[in-house]
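Student: Structure, please.
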Amino acid sequence: MPLFGELFISELLKKPVLDPKGDELGRLKDFVVIKGDPLPRVSALILEEKKKRYVLEWENVGIFNKRIISSKVYAPRVEPYEPSEDIFLIVRDIFDKQIVDADGAKVVRVNDVQLEGINNDACVNGVDVGLRGILRRLGIERKTDKFYQFIGKSLPQNIINWGFIQPLEPRLSKISLNIPRQMISALHPADIADIISKIPQDQGIALVKGLDPNVAAETLPELDPDIQKAIIENIDKDYATDVVERMPPDEAADLIADLENDKAQELLESIEEEEAQDIQELLAHEEDTAGGLMTNEFIAYPPDMQVQEAIEKFRTDAHDVEIIYYIYIVEGEKLIGVASLKDLLLSAPNISLSEIMQTKIKSVSPETDQQIVAETISKYNMLAIPVLDEDEDLLGIVTIDDVIEILLPPSSRKKRRSV
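Tutor: Here you go, the predicted structure:
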């Protein structure tokens, strides 16, 4: 029995289903869905009559449209329905569930489900996440549509094709949906974090588990510290290690500082020794100081290095550093000058870095209060400020990205970690 055109589930619910004599078998309550190619398809209708439920197999459905739904079998042949968690139902398992609208980089709610006739099957074609879906379920879509036309506007359609849906409800995964994780991974980390922040914690953890470790490493720092902690504590140790190793040391230190001591120690012991040492150095500083804000990832070269050599070395070294604004000139560990990338690129290739470096350097100590760090960066229009110890050795840098939230009004700031 072919289904012609497109139908919405809310248009069909509670409609009577008639047997060949025209007697009512029951009212339509839900739809059983199974995996199909290319789309999930309806395998049976769930009917309700006098608070009892029955199954009408799709092969026994005669007419199926908005006006009439009929059965090829009579009432005695309709099988009783016993609720089961193993089958997939449209109303129970899709309606009002959260999904990712990857195109809009946000979490939306399913207001209705669209069916489409393919050959002899009724297939799940898409979901309505817009106002029309809500109005349709309330039974006032047509009236509202006429009102919009009267005032010269149109009521927008907001249908997401089923092939582009990333479900967040674990139950949905049971029908083996063919949904590329690349759709989520391709979003900006801040957008992914925004999605994770708006869904239940267990779903957020499940979403992170499916991300590429590089993407997860960029996404975690965008999240509230409590959410970061919950994710790291509930994902596989090897995956957590992989993610933390790919995070900038300052971000990784912030994350590890929030973990329970046992978990933090376990994670530090599992990551590579060099990365662990960088993180532990940062953990030694108080959070609201320059030492707590700084990263120990920076590029430093000796003063006698020629510009051409520095440029060639920079091409290799820059891959391992998250943000680069300046080249730091050091003798041993002692900072003696700074050169911007512009200075480096515009200088003659055969002169030394000592000839292009700026020696009047604004710096802070590891103990400098974060507010003073932010004010100093702002006052001197700096993109990064070096952090020096009492011997003027370069310990790290604080970038403008690290202090931007301190300069924002309180209502715009992220929640910061506590030590």
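Student: what ranges do the helices span in the stretch 151-300 of the chain?
Tutor: 182-185, 189-197, 201-209, 213-219, 225-233, 237-246, 249-258, 261-270, 273-283, 290-293 (DSSP state H, counting those that start in this stretch).
Student: Reformat the ones you listed as CSV; add mean pLDDT and mean neighbour count.
Tutor: Using the backbone N, CA and C atoms, a C-beta is placed for each residue, glycine as well. Shown next, in CSV, are those (pLDDT from 0 to 100; neighbours: other C-beta atoms under 10 Å):
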stretch, mean pLDDT, mean neighbour count
helix 182-185, 72, 16
helix 189-197, 88, 20
helix 201-209, 84, 18
helix 213-219, 93, 21
helix 225-233, 92, 19
helix 237-246, 93, 19
helix 249-258, 91, 23
helix 261-270, 91, 14
helix 273-283, 89, 17
helix 290-293, 93, 27
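Student: In TSV: these, plus distance to residue 358.
Tutor: Converted to TSV, those look like this (distance: least, C-beta to C-beta, whole Å):
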stretch	distance to residue 358
helix 182-185	40
helix 189-197	33
helix 201-209	42
helix 213-219	32
helix 225-233	36
helix 237-246	33
helix 249-258	25
helix 261-270	37
helix 273-283	26
helix 290-293	20
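Student: Which one, of these, ends up nearest to residue 29?
Tutor: helix 201-209 (26.7 Å; C-beta to C-beta).
Student: quick one, the closest one and helix 189-197 angle?
Tutor: Calculated by axes from the mean of the first three to the mean of the last three C-alpha atoms, to 10 degrees, helix 201-209 forms an angle of 150 degrees with helix 189-197.
Student: could you say what helices and strands helix 201-209 packs with?
Tutor: Judged by 3 or more C-beta pairs under 8 Å, 6 or more residues apart in numbering; DSSP states H and E, helix 201-209 is in contact with helix 189-197, helix 225-233.
Student: Of all those, which one is nearest residue 336?
Tutor: Comparing the helices and strands packed on helix 201-209 by C-beta to C-beta, helix 189-197 comes nearest, at 36.2 Å.
Student: Nearest to residue 153, out of the helices of the stretch 151-300 of the chain?
Tutor: helix 189-197 (29.3 Å).
Student: what helices or strands is the closest one leaning on?
Tutor: Helix 189-197 sits against strand 106-109, helix 182-185, helix 201-209, helix 213-219, with contacts defined as 3+ C-beta pairs under 8 Å, 6+ apart.
Student: Distance to residue 64 added to those, as CSV?
Tutor: Output for those, formatted as CSV (distance: least, C-beta to C-beta, whole Å):
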stretch, distance to residue 64
strand 106-109, 27
helix 182-185, 32
helix 201-209, 34
helix 213-219, 43
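Student: sorry, back to before: among the helices of the stretch 151-300 of the chain, which is nearest residue 115?
Tutor: Taking the helices of the stretch 151-300 of the chain one by one with C-beta to C-beta, helix 182-185 is closest: 23.3 Å.
Student: mind checking which of the helices of the stretch 151-300 of the chain is nearest residue 371?
Tutor: Smallest distance to residue 371 across those (C-beta to C-beta): 10.6 Å, for helix 290-293.
Student: Next secondary structure element downstream of that closest one?
Tutor: For helix 290-293, the following helix or strand on the C-terminal side (DSSP states H and E) is strand 300-301.
Student: Provide the strand pairings for that next one, with the direction of each partner.
Tutor: The strands beside strand 300-301 in its sheet (DSSP bridges) come out as strand 326-331 (parallel).
Student: What residues of the partner strand count as buried?
Tutor: For strand 326-331, a neighbour-count test (16 or more other C-beta atoms under 10 Å) marks 326, 327, 328, 329, 330 as buried.
Student: Closest one of the residues you listed to residue 377?
Tutor: Ranked by distance to residue 377 (C-beta to C-beta), the buried residues of strand 326-331 are led by residue 326 at 12.5 Å.
Student: you'd agree that closest one is up against residue 399?
Tutor: No: Residue 326 lies out of contact with residue 399 (C-beta atoms under 8 Å); the separation is 9.8 Å.
Student: Now for those two: what residues contact both?
Tutor: 383, 384 (C-beta atoms under 8 Å, 6 or more residues apart in numbering).
Student: hang on, the earlier thing: for the helices and strands packed on helix 201-209, give me CSV that also has distance to residue 256.
Tutor: Below are these laid out as CSV (distance: least, C-beta to C-beta, whole Å):
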stretch, distance to residue 256
helix 189-197, 19
helix 225-233, 9
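Student: So for residue 125, which of these sits nearest?
Tutor: When those are compared (using C-beta to C-beta), the closest one is helix 189-197, at 23.7 Å.
Student: got the angle between the closest one and helix 225-233?
Tutor: Angle, helix 189-197 to helix 225-233, by the same axes, to 10 degrees: 90 degrees.
Student: Would you mind pulling the contact partners of helix 189-197?
Tutor: Applying C-beta under 8 Å, 6+ apart, the contact partners of helix 189-197 are 100, 105-107, 184-185, 187, 204, 207-208, 211, 215, 218-224, 227.
Student: how does it look with 7 Å?
Tutor: For helix 189-197, contacts defined as C-beta atoms under 7 Å, 6 or more residues apart in numbering pick out 100, 105-107, 184, 204, 207-208, 215, 218-219, 222-224, 227.
Student: Stretch 28-40 now?
Tutor: With C-beta under 7 Å, 6+ apart, stretch 28-40 has contacts from 9, 12-15, 17, 41-48, 53, 69, 87-92, 118, 121, 123-125, 162, 175-176.
Student: Can you flag the buried ones in these?
Tutor: 9, 12-13, 17, 41-48, 69, 87-92, 118, 121, 123-125, 162, 175.
Student: so residue 31 sits in a helix?
Tutor: No: under DSSP: H, G, I helix; E, B strand; the rest coil, residue 31 sits outside any helix and is assigned strand.
Student: Tell me the predicted confidence for residue 173.
Tutor: In this model, residue 173 is scored at 51, pLDDT.
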